[in-house]
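# turn this into a model:
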Amino acid sequence: MQTIDEIKICRNLKACLDIELDQNCAFGLANETRKDRFARLAAILQNMNAGKSGGGLSGGLASEKLWVELLKDINAANKTKRFTFETKEADADYAYTGHAFSHKTIGCRNKNADLALAWSKNRRGGIVRTFESSMVLVSFRPANPRSKTKFWRTAKTGVYIIPLPKLKQTVRKFKPNNKTSTLIKAAYVVKLMSFAKEEGLFIPLEIDQDRWMKFELSYWKAGDSCVVRQYD
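Here you go, the predicted model:
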């Protein structure tokens, strides 16, 4: 069962994001909110990778890198660096005020919503992976009124925050496939997302894939305008 402290940490992260996502970006266009920029760029990245072999994984990784850029933008605008990006937890992608979070993505065209704790196969006799961090799950998958699963008939796109104890309590067993030994099956994912929604650990994001269907992100066409100094 989740502890009060774990819930408090996740609620604090949500409270931070509730404020910071609606603030204007520290870099780039001064009149664009972080939420709007993320939604626009993420939609383009999802579309660019759609229909390609391995496109779901590539789109997810690109979206996760974009999210990390968003967190760095939050750091840049505040005296206190609330997010750090070097953690001791094997499954973590960043930490908020010292508390580790893994980051997962459900793509806009993901049909089964399986997730992987890690994209690697465990060698026989090797380390058995397990949850070490709470999770931030960003879902781009829109609702489908004809879905066989009730949750997806009215599902909302956005950010779902799940405490570590809830992950351990819910996911009783991982499944293997050809790319990972630690697959989190869709039925578990739905339970985790439902929990986040019920506990107020959900932030809606309006992701309009169709609007950005004819756009792309290009290093070449951008020339040197995409070359910027690194920032923490």
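# can you name every helix or strand that the longest strand along the chain contacts?
Using DSSP state E, we find that the single longest strand of the chain is strand 99-106. Helices and strands touching strand 99-106, as assessed by 3 or more Cβ pairs under 8 Å, 6 or more residues apart in numbering; DSSP states H and E, comprise helix 4-20, helix 55-76, strand 94-96, strand 134-139. Yep, even glycine has a C-beta here, placed from its N, CA and C like the rest.
# report the angle between that strand and strand 134-139.
Between strand 99-106 and strand 134-139, the angle comes out at 20 degrees (axes from the mean of the first three to the mean of the last three Cα atoms, to 10 degrees).
# got the CA coordinates for strand 99-106 in PDB?
The C-alpha trace of strand 99-106 is given here as PDB (Å, rounded to 0.1, in the frame of the first residue of the first chain):
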ATOM      1  CA  HIS A  99      12.900  11.800  -5.600                       C
ATOM      2  CA  ALA A 100      13.300   9.600  -8.700                       C
ATOM      3  CA  PHE A 101      10.800   9.200 -11.500                       C
ATOM      4  CA  SER A 102      10.800   7.000 -14.600                       C
ATOM      5  CA  HIS A 103       9.200   8.400 -17.700                       C
ATOM      6  CA  LYS A 104       6.900   6.400 -20.000                       C
ATOM      7  CA  THR A 105       5.000   7.200 -23.100                       C
ATOM      8  CA  ILE A 106       1.900   5.800 -24.800                       C
END
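# helix or strand right after that strand?
Moving toward the C-terminus from strand 99-106, the next helix or strand (DSSP states H and E) is strand 115-116.
# from the chain's centre, how far out is that following strand? Work that out for me.
Centroid separation for strand 115-116 versus its chain: 12 Å, with Cα atoms, centre = their mean, to the nearest Å.
# repeat that for stretch 18-31.
19 Å.
# for stretch 6-19, same thing?
Distance of stretch 6-19 from the chain centroid (Cα atoms, centre = their mean) equals 15 Å.
# circling back: identify the residues contacting the longest strand of the chain?
If you take Cβ atoms under 8 Å, 6 or more residues apart in numbering as the criterion, strand 99-106 is touched by 9, 13, 59-60, 63-64, 67-68, 87-89, 91-95, 113, 115, 117, 132-141, 189.
# buried subset of the residues you listed, written for PyMOL?
Remark: buried members of the contacts of strand 99-106, expressed as a PyMOL selection using 16 or more other Cβ atoms under 10 Å:
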select buried, resi 9+13+59+60+63+64+67+87+89+91+92+93+94+95+113+115+117+132+133+134+135+136+137+138+139+140+141+189
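# out of the helices and strands in the protein, which is least certain?
helix 219-222 (a mean of 76; mean pLDDT, DSSP states H and E).
# how far off centre is that one?
Centroid separation between helix 219-222 and its chain, computed with Cα atoms, centre = their mean, is 26 Å.
# kind regards, and thank you for your time.
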